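1. just coords:
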């Protein structure tokens, strides 16, 4: 069985248990994913399957990818990602649905791309407190000093400064699957996950599940 599956974040809602407890959940359209390519230890050095997700218009795919997708015979896809696991039972062209991989109560890690915030200053990006607003101060939202002149005469790598915020890969670990609705290809995950609505996410079995 593969370790994960691709999906699309649809948004957040809430459900109620039989006891009346409210649970915030993220709704993910998980699969079905098509096996486009199969990687084997004998030929590739590792075992994995390449999954295609999200229907795409054929004219938007170049010729090399068109030939690659043709081997599966399931059309063309917008996203291609590899997932590991025991892939011996899968063949090219097979479809993997969410209920084949996950069930309610499983603990998973969700990988997505965070919302892009553009170029931001240090107060928004790193939560700096900033300077005082009164008594003639001219230091309000600036970063302040970033290094010394004589030594080390440089700015250390990793210094918290203004710059691009968001639009990076984020992994949220140890989220619980509340429900799997196979008829709708939907997985309900407790809590929030990274990315905007309709953003691509990868759901995989937790690497280190909490006790």
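-> Nice, thanks for sending it over. Because the structure is predicted, anything quoted here is derived from the model rather than measured. Numbering: from 1, shown residues only.
2. what about the residue nearest the centre of the chain, which helix or strand?
-> With distances taken as Cα atoms, centre = their mean, residue 112 lies nearest the centre of the chain, 1.7 Å away. Assigned by DSSP states H and E, residue 112 belongs to strand 107-113.
3. again, but for residue 49
-> With DSSP H and E as the test, residue 49 turns up in strand 48-55.
4. grab the nearest non-local neighbour of residue 61.
-> Nearest non-adjacent residue to residue 61, counting by Cβ to Cβ, 6 or more residues apart in numbering: residue 76, 4.7 Å away. (C-beta placed from N, C-alpha, C; glycine too.)
5. any idea how far residue 58 is from that neighbour?
-> Here residue 76 is placed at a distance of 5 Å from residue 58 (Cβ to Cβ, to the nearest Å).
6. common neighbours of those two, please.
-> residue 66 (Cβ atoms under 8 Å, 6 or more residues apart in numbering).
7. the two: who's more crowded?
-> residue 76 (20 against 9; other Cβ atoms under 10 Å).
8. quick one: that one and residue 69 touch, right?
-> Yes: with contact defined as Cβ atoms under 8 Å, residue 76 counts as touching residue 69 (4.6 Å).
9. so where's the chain shaky on pLDDT?
-> 208-211 (pLDDT under 70).
10. how about 80 then?
-> 1-2, 31, 85-88, 90, 148, 207-211 (pLDDT under 80).
11. what ranges do the strands span in it?
-> Along the chain, counting by DSSP state E, strands occupy 4-16, 22-30, 33-39, 48-55, 77-83, 95-96, 107-113, 118-120, 163-165, 169-181, 186-190, 200-205.
12. closest to residue 133 out of the ones you listed?
-> Nearest to residue 133, of all the strands of the chain, is strand 118-120, at 19.9 Å by Cβ to Cβ.
13. each with direction, which strands does the closest one pair with?
-> strand 163-165 (antiparallel) (DSSP bridges).
14. which strands and helices sit next to the strand holding residue 49?
-> On a contact count with 3 or more Cβ pairs under 8 Å, 6 or more residues apart in numbering; DSSP states H and E, strand 48-55 meets strand 4-16, strand 33-39, strand 77-83.
15. who's in contact with that strand?
-> Taking Cβ under 8 Å, 6+ apart as the rule, strand 48-55 contacts 2, 5-8, 31, 33-39, 69, 72, 74-85, 87, 90, 96, 200.
16. returning to what we had before: would a markdown table of the helices and strands packed on strand 48-55 with mean neighbour count be doable?
-> Shown next, in a markdown table, are these (neighbours: other Cβ atoms under 10 Å):
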| stretch | mean neighbour count |
| --- | --- |
| strand 4-16 | 17 |
| strand 33-39 | 21 |
| strand 77-83 | 17 |
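17. and of those, who's closest to residue 125?
-> Of these, nearest to residue 125 by Cβ to Cβ is strand 4-16, at 23.5 Å.
18. wait, doesn't residue 192 sit right on residue 27?
-> No: Residue 192 is beyond contact range of residue 27, at 11.6 Å (criterion: Cβ under 8 Å).
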